[in-house]
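# One predicted model, sequence on top.
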Amino acid sequence: MHPIPAPGEPEPGDHAPLRALVVYESMFGNTEEVARDVTAGLVDAGVLVRLVEVTAARPADEYAFDLLVVGAPTHAFSLSRPSTREDAVRKGARSAAATTGLREWIGAMSGHGRQHGMAAAFDTRVTSMRRLPKAASTRAYHLLSHLGFTMLSRPTGFLVTDIEGDLVAGEGERAESWGRMIADEAGTRSASAVRG
C-alpha cells in the first residue's frame, strides 16, 4: 500500500519541505489547543503539516511524513486507557473522545516500517502535577523509541489550570516555540542525512 500524501503535497525530493503529521488526543479541548499551537510553530518554520485528531486518524502507514508529533492528556501518569477515557466522559468530556486513544494508535504502528522516522511527544497536565516523573508524553516517547523513531526532544508537558480548566497563560506561546524548535531539529537532521 502506498502512503496517501496530503492534498497539494509536493512529491518528496532533495528540496521538498519537511512533512509533519501531528496526531493528538483531547478530552476537554486543551490538548487540541496545544496541538494547534505546535502546528503553528511547525508551519512558521516552513514545515507542511497535517493535523489529525486521533479518533479520525487513519493508520500511520497511510500517511506520508518525515516527522511525527503526538500529543495527549496525562491520565494516571500515562497515556489514556479506555477506563480513564470513560471516567473523563463522566466528568464532562465529549463522548466521541472515548472511542480510541493515542496509546492504541501508536500500538497499531508495530511492523509498519517506520524505523527511520523522526518524532516528538507532548502532553497536557494540571499545574499541581507539573513535575511528573511519568506522564503521557513519557509513555509515548518510549513507545515511539521502541518502534525505531529518532526522538527530537525530551517528552514535553504543557500546563492546564485543572482537569477541566484552561491552558495556563503563556503555554500556547511556549507550544508554538516548541514546534519551531522541533522543526529546526528535524531540518538539521534531514540535511545531515542528505549530506551522508
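Ah, there it is. Numbering: from 1, shown residues only.
# Taking the centroid of the chain, which residue is nearest it?
With distances taken as C-alpha atoms, centre = their mean, the residue of the chain nearest its centroid is residue 70 (1.4 Å).
# Would you check that that one makes contact with residue 102?
Yes: Residue 70 is within contact range of residue 102, at 5.7 Å (criterion: C-beta atoms under 8 Å). For glycine as for every other residue, the C-beta is placed from the backbone atoms N, C-alpha and C.
# Identify the contacts common to those two.
Residues touching both residue 70 and residue 102 (C-beta atoms under 8 Å, 6 or more residues apart in numbering) are 23-24, 140.
# Can you list the buried residues in stretch 88-108?
88, 93, 97-98, 100-103, 105-106 (16 or more other C-beta atoms under 10 Å).
# Determine how far the lengthiest helix in the chain lies from the middle of the whole chain.
When the chain is parsed with DSSP state H, its longest helix is helix 171-195. Per C-alpha atoms, centre = their mean, to the nearest Å, the displacement of helix 171-195 from the mean C-alpha position of its chain is 14 Å.
# Show me what that helix is in contact with.
With C-beta under 8 Å, 6+ apart, helix 171-195 has contacts from 14, 18, 20, 33-34, 37-42, 44-47, 66-67, 69, 118, 120, 122, 150, 152-153, 156, 158-160.
# just checking, next helix/strand downstream of whichever strand or helix holds residue 141?
Using DSSP states H and E, residue 141 falls within helix 136-146. Next helix or strand after helix 136-146 toward the C-terminus (DSSP H and E): strand 150-151.
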